[in-house]
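> here is a sequence with its predicted model. Questions after.
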Amino acid sequence: MTTVIYRPERYLIAENLQKIASYVQGKTLDMGAGSINRYSFLFKEKVSTHVRIDRSYFEGIDIVGDGSYLPFKNASFD
């Protein structure tokens, strides 16, 4: 038997990301990307580069860090 956990905040996040997805383009930084590419389908066709950062390493994470220091030059992302 599989336990299903209802997470209403995920619905709200996805709903709001869909509203702004049309503005996403170019090189994109995904802060707090997490272990699942849950929302990347919204941006995949629109971005040239998708850099994922999270506090923990998961498969597909490009940079592990807490966001207090980002190893990029200013204005590196669109």
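Arrived safely. All values reported here derive from a predicted model rather than from experimental measurement.
> counting by contacts, list what the helix or strand of the chain with the lowest mean pLDDT packs against.
Here the helix or strand of the chain ranked lowest by mean pLDDT, DSSP states H and E is helix 8-20, holding a mean of 82. Helix 8-20 is packed against no helix or strand, with contacts defined by 3 or more Cβ pairs under 8 Å, 6 or more residues apart in numbering; DSSP states H and E. All C-beta spots, glycine's among them, are computed from the backbone N, C-alpha and C.
> identify the residues contacting that helix?
Arg38, Tyr39, Leu42 (Cβ atoms under 8 Å, 6 or more residues apart in numbering).
> where does pLDDT dip in this structure?
1-6 (pLDDT under 70).
> quick one, strands of it?
Per DSSP state E, the chain carries strands over the ranges 26-31, 47-54, 63-64.
> show me what the first one is packed against.
In other words, strand 26-31. On a contact count with 3+ Cβ pairs under 8 Å, 6+ apart, strand 26-31 meets strand 47-54.
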